[in-house]
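Enquirer: got a sequence here, can you model it:
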Amino acid sequence: MRCVLQRVKQAQVRAEGQVVGSIGGGLLVFLGIAREDTLVQADELAKKIIELRIFEDKAGKMNLSALQVGSEILVVSQFTLYGNCDKGRRPSFDQAAEPQQAQSLYEYFVQALKKKNVKVATGRFRAMMEVELVNDGPVTFILDT
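Expert: Predicted coordinates for the structure are as follows:
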């Protein structure tokens, strides 16, 4: 699994002209799923995101986790994170999971986050989406399992 994790002041995602997920302050997770990804990796990534200390404490240091600050999380599926652009001019998506496998792991990942007692919103799997966000920092990380 691969994700681009952005700390945001707010974010929302639209599909077919309607808002399908939105959060106030927290984390926006663009999630890509590879063919070899497993439930264990989904659990590990959910735990890492929840416990990653990327929010400021009173001294202004990144020392607090999403769980500690009551962060909300918006998860958006993003198969293009596994696009390989090394050869030619058209990306190859050979490493990305097939849609059925990806959707199953995506939904499992979302449930793993929800079990951590945080508010989780989502985009719509396999839909064309428009994502709006106000980046906080900016603070952006790339995580791989």
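
Enquirer: contacts, neighbours, all on C-alpha from now
Expert: Will do.

Enquirer: F109: which element?
Expert: Element membership for F109 (DSSP states H and E) is helix 99-114.

Enquirer: return the list of helices and strands in contact with that helix.
Expert: Applying 3 or more CA pairs under 8 Å, 6 or more residues apart in numbering; DSSP states H and E, we find helix 99-114 packed against helix 39-51, strand 119-122.

Enquirer: how near is F125 to E72?
Expert: The gap separating F125 from E72 is 19 Å, by CA to CA, to the nearest Å.

Enquirer: okay, these two: which has more neighbours?
Expert: Using other CA atoms under 10 Å as the criterion, F125 and E72 rank with E72 on top: 22 against 16.

Enquirer: burial count for the residue nearest to D144 when sequence neighbours are not counted?
Expert: Nearest residue to D144, sequence neighbours excluded (CA to CA, 6 or more residues apart in numbering): R2, at 4.5 Å. By other CA under 10 Å, the residues close to R2 number 20.

Enquirer: so R2 sits right up against E36, yeah?
Expert: No: with contact defined as CA atoms under 8 Å, R2 does not count as touching E36 (11.8 Å).

Enquirer: contacting residues around the residue nearest to D144?
Expert: L31, G32, I33, A34, L81, Y82, I142, L143, D144, T145 (CA atoms under 8 Å, 6 or more residues apart in numbering).

Enquirer: just among the residues you listed, which is most surrounded?
Expert: Busiest of the contacts of R2 [other CA under 10 Å] is I33, holding 27 neighbours.

Enquirer: can you pull the contacts of the closest residue to that one other than its chain neighbours?
Expert: Nearest residue to I33, sequence neighbours excluded (CA to CA, 6+ apart): M1, at 4.7 Å. By CA under 8 Å, 6+ apart, the residues touching M1 are L31, G32, I33, A34, D37, Q41, A42, L45, D144, T145.

Enquirer: can I get the helices and strands packed on helix 99-114 in a markdown table including mean neighbour count and distance to Q18?
Expert: Below are those laid out as a markdown table (neighbours: other CA atoms under 10 Å; distance: least, CA to CA, whole Å):
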| stretch | mean neighbour count | distance to Q18 |
| --- | --- | --- |
| helix 39-51 | 17 | 27 |
| strand 119-122 | 20 | 13 |
